[in-house]
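*Asks:* Could you look at this predicted model? Sequence included:
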Amino acid sequence: MKILALGDTHFGYYYGRSAESRNSILNYFYERFESIIEIAKAEEIDYIIHTGDVFNRSKPPKKVKDRVYALFKQVLDNDIGLILIPGNHDRGSLPSTLFSFFYDKYHIINKLSKVKLPEVDIIGFPYEYKDPKGIYKKAIDLATRDPSIIISHQVFKNASFGPNAFTFRYGDDVIDSKLPDHIKFTLSGHIHRAQSLEDLRVYYTGSLIRTSFVESIEPKGYMKIEINEHTTKMQFRELRSAPMIVKERVINGSIEQLIDGIEINPDLRTLIRLVGRALSHHEIQYLYSKYTAKQFPLLNFSPRKPDIVLNNMYDDYPVFKNINFEQLVQSL
């Protein structure tokens, strides 16, 4: 059986300072999933598993929902199964459709439950706010068949994200349970960086597209999983994703002098991040008047308000400067 696992598609995500740029980004997310459908067809994938945050908000606009479910119908019409769990952006539940009445291979897991496939059982549950450790234990207890896979949208111990590799270690929402042998592994969404937590047998699929500038250093893609009677093969496959550019500068003099030396591509999502001291109202107004939305629709600045002092996040951290994309991809 061949599985294509992905997560955090965040359909309905808007970015940009103009209607045209926001629509362009919105459509880019749909186009990326269309490429996933073509890959699934070419690779003869049996099931696509989505590990949560299907939508960017819990009540997506009708035009967004309709477009997404039209894409899902394409998947199902090609006899490819689809299993979905809600993430935190979905607020624990996904919009209902009539697909389950017409497609045997369509499953929305809106509560802890099991999907029995010919080669493996899939145990899944929506993003859990109150007791993630407890619901994960229940998911483990629900796995009675060898082999089984758990799908979730949670935080697991030692998961990391961001240019300084912030790592989750402790907390009521941080899961550190080990899996019994008959459960092969857990697939999870929520952390947008693709990574493997070998000690817990947890694999984050990562997101298909960058939605935050802290993801600017990360490769994006999906996981291909092949399961047969004796072996399981797992591989992270990178997809080229539109870059997000961060230009971090320390303010030593005037904003005018500092900005004049920065080159900006108006066609790329770009963040100018100014650190070292707070900006005044006048300086913030100057930035947005110099770089107008019409000329630079994909450009933003941080901070956006006065009296906020930012520390270095990008330029001073070796994990950002020296990250080896090829090594990160192969590590899965």
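*Replies:* Everything's here; your move.
*Asks:* Please determine how far the residue nearest the centre of the chain is located from residue 241.
*Replies:* Centroid-nearest residue in the chain, with Cα atoms, centre = their mean: residue 207, separated by 2.9 Å. Using Cβ to Cβ, to the nearest Å, residue 207 is found at 9 Å from residue 241. Bear in mind the C-beta positions are built from the backbone N, C-alpha and C, glycine included.
*Asks:* list residues touching both of those two?
*Replies:* residue 220 (Cβ atoms under 8 Å, 6 or more residues apart in numbering).
*Asks:* Against residue 189, how distant is the closest residue in space to residue 84 that isn't next to it in sequence?
*Replies:* In space, and not counting its chain neighbours, residue 84 is closest to residue 50: 4.6 Å by Cβ to Cβ, 6 or more residues apart in numbering. For residue 50, the distance to residue 189 (Cβ to Cβ) stands at 8 Å.
*Asks:* shared neighbours of these two, anything?
*Replies:* Taking Cβ under 8 Å, 6+ apart as the criterion, residue 50 and residue 189 both touch 7, 85.
*Asks:* circling back: wait, the residue nearest to residue 84 touches residue 8, no?
*Replies:* No - contact between residue 50 and residue 8 fails when scored by Cβ atoms under 8 Å: they sit 9.0 Å apart.
*Asks:* what residues are shared contacts of those two?
*Replies:* Residues touching both residue 50 and residue 8 (Cβ under 8 Å, 6+ apart) are residue 189.
*Asks:* Tell me where the longest helix sits in this protein.
*Replies:* helix 19-42 (DSSP state H).
*Asks:* And the next helix or strand after that one, what does it pack against?
*Replies:* Counting by DSSP states H and E, the next helix or strand C-terminal to helix 19-42 is strand 47-50. If you count contacts as 3 or more Cβ pairs under 8 Å, 6 or more residues apart in numbering; DSSP states H and E, strand 47-50 packs onto strand 2-6, strand 81-84.
*Asks:* Dump those strands to TSV, plus distance to residue 55 and mean neighbour count.
*Replies:* Shown next, in TSV, are the helices and strands packed on strand 47-50 (distance: least, Cβ to Cβ, whole Å; neighbours: other Cβ atoms under 10 Å):
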stretch	distance to residue 55	mean neighbour count
strand 2-6	14	22
strand 81-84	11	21
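*Asks:* what residues are up against the residue nearest to the centre of the chain?
*Replies:* Taking Cβ under 8 Å, 6+ apart as the contact definition, residue 207 lies against 7, 8, 9, 10, 189, 192, 215, 220.
*Asks:* So in terms of bridging, what pairs with residue 232?
*Replies:* Beta-bridge partners recorded for residue 232 (DSSP bridges): residue 227.
*Asks:* So it sits against residue 184, correct?
*Replies:* Yes - at 5.8 Å, residue 232 counts as touching residue 184 under the criterion of Cβ under 8 Å.
*Asks:* joint contacts of those two?
*Replies:* Counting by Cβ under 8 Å, 6+ apart, the residues touching both residue 232 and residue 184 are residue 147.
*Asks:* Specify which residue of these two has the higher count of neighbours.
*Replies:* Neighbours per residue (other Cβ atoms under 10 Å) separate residue 232 from residue 184, with residue 184 holding more: 19 against 15.
*Asks:* Skip the chain neighbours and tell me the closest residue to the more buried one.
*Replies:* residue 147 (4.9 Å).
*Asks:* Chain neighbours aside, what residue packs nearest to residue 225?
*Replies:* Counting by Cβ to Cβ, 6+ apart, the residue nearest residue 225 is residue 3, at 4.2 Å.
*Asks:* How many neighbouring residues does residue 19 have?
*Replies:* When neighbours are defined as other Cβ under 10 Å, residue 19 has 11 of them.
*Asks:* Check residue 218 too.
*Replies:* 24.
*Asks:* how about it, what does it touch?
*Replies:* 192, 193, 194, 206, 210, 328.
*Asks:* what two of those have the greatest distance between them?
*Replies:* For the contacts of residue 218, the maximum inter-member distance is 14.7 Å, found between 210 and 328 (Cβ to Cβ).
*Asks:* ranges for the helices of the stretch 201-332 of the chain?
*Replies:* 255-260, 281-290, 318-322, 325-330 (DSSP state H, counting those that start in this stretch).
*Asks:* Got the confidence number for the closest residue in space to residue 244 that isn't next to it in sequence?
*Replies:* Leaving out its chain neighbours, the residue that sits closest to residue 244 by Cβ to Cβ, 6+ apart is residue 216, at 4.3 Å. The score at residue 216 is 90. That number is its pLDDT.
*Asks:* Measure how buried the residue nearest to residue 78 when sequence neighbours are not counted is and give me the count.
*Replies:* Residue nearest to residue 78 in three dimensions, not counting chain neighbours: residue 41, with 5.6 Å by Cβ to Cβ, 6+ apart. Residue 41 has 14 neighbours, counted by other Cβ under 10 Å.
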